[in-house]
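Engineer: model this:
(6 chains)
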4 protein chains.
Amino acid sequence: MRKKVVPTQVKNPELVNKRRQQIIDASVRLFIKQGFHKSTTRQIARKAGFSIGKLYEYITTKEDVLYLVCDYIHRGVEEAVKQAITDSGTGRESLESAIREYFRICDSMSDDILLIYQEIKSLARDAMHTVLARDVQITELFEQIIDRGIRDRSIKLNVPSARLLAHNIMVLGHMWTFRRWYLSRTITIDQYIEEQLQFILNSIGRKP
Amino acid sequence: MRKKVVPTQVKNPELVNKRRQQIIDASVRLFIKQGFHKSTTRQIARKAGFSIGKLYEYITTKEDVLYLVCDYIHRGVEEAVKQAITDSGTGRESLESAIREYFRICDSMSDDILLIYQEIKSLARDAMHTVLARDVQITELFEQIIDRGIRDRSIKLNVPSARLLAHNIMVLGHMWTFRRWYLSRTITIDQYIEEQLQFILNSIGRKP
Amino acid sequence: MRKKVVPTQVKNPELVNKRRQQIIDASVRLFIKQGFHKSTTRQIARKAGFSIGKLYEYITTKEDVLYLVCDYIHRGVEEAVKQAITDSGTGRESLESAIREYFRICDSMSDDILLIYQEIKSLARDAMHTVLARDVQITELFEQIIDRGIRDRSIKLNVPSARLLAHNIMVLGHMWTFRRWYLSRTITIDQYIEEQLQFILNSIGRKP
Amino acid sequence: MRKKVVPTQVKNPELVNKRRQQIIDASVRLFIKQGFHKSTTRQIARKAGFSIGKLYEYITTKEDVLYLVCDYIHRGVEEAVKQAITDSGTGRESLESAIREYFRICDSMSDDILLIYQEIKSLARDAMHTVLARDVQITELFEQIIDRGIRDRSIKLNVPSARLLAHNIMVLGHMWTFRRWYLSRTITIDQYIEEQLQFILNSIGRKP
DNA sequence: AATGAATGAGGGTTCATTCAT
DNA sequence: CATGAATGAACCCTCATTCAT
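Structural biologist: So this is what the prediction gives:
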């Protein structure tokens, strides 16, 4: 995965990281609230406690902020999923707990995930591909667990393929972020998780 | 469902419909290509063959155009799904063919569905809810088929609930629009449909 | 000579001409006083009695204004020189009176000519070449008179060539605009003209 | 001639000279390429190998750099002309060789001379007058040679005056810098020099 | 009813200059 | 002393919306 580099005029890399995190923190909230296009660079700067000039020392373009934000969110999801994966137990057990954890992450990062869906198209092709690539990487984490389960025979999969199943898991997690406004009228996140888990497990054979 | 009313200065309702369809046709392509925010009212007017003044006789706000477009797309999906539903045969048979048709619709309306995901947040709460409500209505069409299948015993559903399953179907259709860029490298839409169909059917019991 | 076209959003060509003349009139004074770079588009608009939006309906870029101004000035010089040229009399007589008139034009348009020398480099290559081409055209007017004089034997020219002599005339006219601040301490424009006329005539042989 | 003083925070005068020469060297190329206004202080500092802070220890204002550059260029011309002047031989001989040398200098310093014409107006009145004064001084070098020629009777001048002739020489040298883009299509610098020399000598009487 | 010229607030971005470290 | 991060006024330009014709 190529990692897009956002140019800066500031030399000290530690400072750059620190300041960019401030920019990200300020922007995530702002973009969630009013979207990328309706947020102004001045608002971003103010929320970050920056002067407008300072902001532009750490980015080149307003779009850079969006990229930083999208990348940060995906990084967060990826790390959380990685941490949720346990190597102990069968692949099936691993998958179950990973799904549960992942759905919880989706719940707690609802707004952030929604943000990516809505604003990713505002990124330049270049940056967009970098962000999408990270999504694929997260998906592959699930694919690997499924493959492990197939190898240790705890998972029996005819159709769909491991890859597609992994994508399905990803999307059913995201689904909660889109449809929570409606679903949460009748079910809780815990119920959602358990029902969807059953739904998914239906395709990998009964427990041995 | 409240239907949001977009005010117009023109009296003749037929004319209004005709003109608005022109506006929608022009805008859909424009919004898909460059997004709502990057499209200008001048561009919309020009593409529709209107003067900017004429455009504003049929809308009040640029956002009205987005609403018209989102509503039009959803209307299209709803009608297509309705047409795909057959009352003949068991609920299960009905569901199978409805899912197949629906996935095809999602494939052919990919760009349009994506557009809604991306721009719906730019609508005012009011308009947004109207659009979302139509999505729920489409979902209910599936829910009804599932309920019929349960009643005629062709479908046996423990978990998830009929409602959640309907939502899952909806989202797995949409999924193709988000992830086609990646999935289509290894599978065709036909394969996608069949695999996902199996995935879904796994939760409604073996064929009797 | 390619004539660079400055795009406009306004359709009525008469209006465009009228408004652009207003822009030119406002800008010439402004640019002479403070130069192109130190003049802001808002100042230009205000001086022209325009809103900033109106200004940008008639141009695309600030640089367009500079082009309009440079072209206008050169057009003025060209027309004035053309009017100063008489076909009656010998080529020599024609040249003498053309030079006198031209030097007067340079005197009265001092600031404008200076402006072109100073700001032409701020034009894009394209626009710059168009402006320079007009300068060559004016020079050719003198060259043609000289050639006529050579044909009717009223002018006898060894060196420099007719072309170079024409350029010299041009530049000695411009010279007054650069060095007036110093020369005018000791001589008047009338003296300047007569002395330079003799200087130039020295190279085209004694009167027959 | 008042010599404008550019203030500095640094005490050691040798160091100041050395550093300023670095600034000048960096800026000349920069200004020629993109003009004074489009060059940033950061670019100047970088090209000179300075930090921006260091740059500002040797100047007070960006405009100071322009003054340093203009002054440096004029100083170069003046020194070159002075070196080209020989006291041996008649005034006429001296003048001929001085003109030839001067025209060569103009050719080789084309870009620099052009720069002064274009940017001098960006200097404050104060600095501008200092720069212009040096131009007058160079002109006076020619005036003095002409006067010597008149005294030793190798030059016979009716009109124009020695002073105006000196100015003409100056400007005909500069002319090559403005019009080289066009003239060099048909003549070389050597031809230019000889033709212009004849043109100038036409006004100082036949060789005795 | 139709046109399109006009408005001007507000957008993203730059850059000379300062000053804490 | 030397550095370079920080400031923020000011720049050019856009565009949704209005309204005189």
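
Engineer: mind checking the SS state of residue A:9?
Structural biologist: The local conformation at residue A:9, judged by DSSP: H, G, I helix; E, B strand; the rest coil, is coil.

Engineer: confidence score at the closest residue to it other than its chain neighbours?
Structural biologist: Leaving aside its sequence neighbours, residue A:9 sits nearest to residue A:57 (Cβ to Cβ, 6 or more residues apart in numbering or on different chains; 4.9 Å). Every C-beta, even on glycine, is put in place using the N, C-alpha and C of the backbone. Residue A:57 carries a pLDDT value of 96.

Engineer: tell me the buried residues in the helix or strand harbouring residue A:57?
Structural biologist: Using DSSP states H and E, the element containing residue A:57 is helix A:52-58. Residues A:55-56, A:58 are the ones in helix A:52-58 that count as buried (16 or more other Cβ atoms under 10 Å in any protein chain shown).

Engineer: also stretch A:192-203?
Structural biologist: Neighbour counts over stretch A:192-203 (16+ other Cβ under 10 Å) mark A:192-197, A:199-203 as buried.

Engineer: tabulate these in CSV, adding columns for distance to DNA strand E, secondary structure and pLDDT.
Structural biologist: Formatted as CSV, the buried residues of stretch A:192-203 follow (distance: Cβ to the nearest atom of the strand, whole Å; DSSP: H, G, I helix; E, B strand; the rest coil; pLDDT from 0 to 100):
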residue, distance to DNA strand E, secondary structure, pLDDT
A:192, 36, helix, 98
A:193, 38, helix, 98
A:194, 43, helix, 97
A:195, 42, helix, 97
A:196, 38, helix, 97
A:197, 42, helix, 97
A:199, 42, helix, 95
A:200, 41, helix, 96
A:201, 46, helix, 94
A:202, 47, helix, 92
A:203, 45, helix, 89
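
Engineer: among these, which are in reach of chain D?
Structural biologist: For chain D, no contacts are drawn from the buried residues of stretch A:192-203 by Cβ under 8 Å from any Cβ of the partner chain.

Engineer: next up, the contacts around residue A:113.
Structural biologist: A:73, A:77, A:106, A:174, A:177 (Cβ atoms under 8 Å, 6 or more residues apart in numbering or on different chains).

Engineer: close enough to count as contact, the second one and residue A:110?
Structural biologist: No - in terms of Cβ atoms under 8 Å, residue A:77 does not count as a neighbour of residue A:110; the distance is 11.6 Å.

Engineer: which of these two has more neighbours?
Structural biologist: residue A:77 (22 against 17; other Cβ atoms under 10 Å in any protein chain shown).

Engineer: phi, psi of whatever residue of chain A ends up closest to chain D?
Structural biologist: The nearest approach of chain A to chain D comes at residue A:9, 8.6 Å away (Cβ to the nearest Cβ). Residue A:9 adopts backbone torsions of phi -100, psi -10, taken as degrees, to the nearest 10.

Engineer: how close does it sit to residue A:19?
Structural biologist: Distance, residue A:9 to residue A:19, by Cβ to Cβ, to the nearest Å: 11 Å.

Engineer: common neighbours of the two, please.
Structural biologist: Counting by Cβ under 8 Å, 6+ apart, the shared contacts of residue A:9 and residue A:19 are A:57-58.

Engineer: okay, those two: which has more neighbours?
Structural biologist: residue A:19 (20 against 11).

Engineer: ok, that one touching residue A:10?
Structural biologist: Yes - using Cβ under 8 Å, residue A:19 makes contact with residue A:10 at a distance of 7.4 Å.

Engineer: hey, what's in contact with both of these two?
Structural biologist: Among the neighbours of residue A:19, those also in contact with residue A:10 (Cβ under 8 Å, 6+ apart) are A:57-58.

Engineer: where does chain A have low pLDDT?
Structural biologist: Filtered on pLDDT under 70, chain A yields the residue ranges A:1-2, A:207-208.

Engineer: report the buried residues of the next helix or strand after the helix holding residue A:57.
Structural biologist: Downstream of helix A:52-58, the first helix or strand assigned by DSSP H and E is helix A:62-84. Within helix A:62-84, the residues scored as buried using 16+ other Cβ under 10 Å are A:62, A:64-74, A:77-78, A:80-81, A:84.

Engineer: and for stretch A:28-47?
Structural biologist: Buried, per 16+ other Cβ under 10 Å, within stretch A:28-47: A:28, A:30-32, A:35-37, A:39, A:44-45, A:47.

Engineer: just the ones of these in helices?
Structural biologist: With DSSP state H as the criterion, helices contain A:28, A:30-32, A:35-37, A:44-45, A:47 from among the buried residues of stretch A:28-47.

Engineer: give the contact list for residue A:145.
Structural biologist: By Cβ under 8 Å, 6+ apart, the contact list for residue A:145 reads A:85, A:91, A:94-95, A:98.

Engineer: make TSV out of the residues you listed and add neighbour count, secondary structure and distance to residue C:140.
Structural biologist: TSV is the format used below for the contacts of residue A:145 (neighbours: other Cβ atoms under 10 Å in any protein chain shown; DSSP: H, G, I helix; E, B strand; the rest coil; distance: Cβ to Cβ, whole Å):
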residue	neighbour count	secondary structure	distance to residue C:140
A:85	16	coil	81
A:91	22	helix	87
A:94	23	helix	86
A:95	26	helix	85
A:98	21	helix	82
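
Engineer: name the nearest of those residues relative to residue B:153.
Structural biologist: Relative to residue B:153, the closest of these is residue A:95; by Cβ to Cβ it sits at 32.0 Å.

Engineer: spit out the contact partners of that closest one.
Structural biologist: A:142, A:145-146, A:149, A:155, A:204.

Engineer: kindly report the same for residue A:115.
Structural biologist: Going by Cβ under 8 Å, 6+ apart, residue A:115 touches A:28, A:31-32, A:69-70, A:73.

Engineer: which of these sit farthest apart?
Structural biologist: A:32 and A:70, at 12.4 Å, using Cβ to Cβ across the contacts of residue A:115.

Engineer: and chain A, which residues reach DNA strand E?
Structural biologist: A:39-42, A:52-53, A:56, A:60-63 (Cβ under 7 Å from any atom of the strand).
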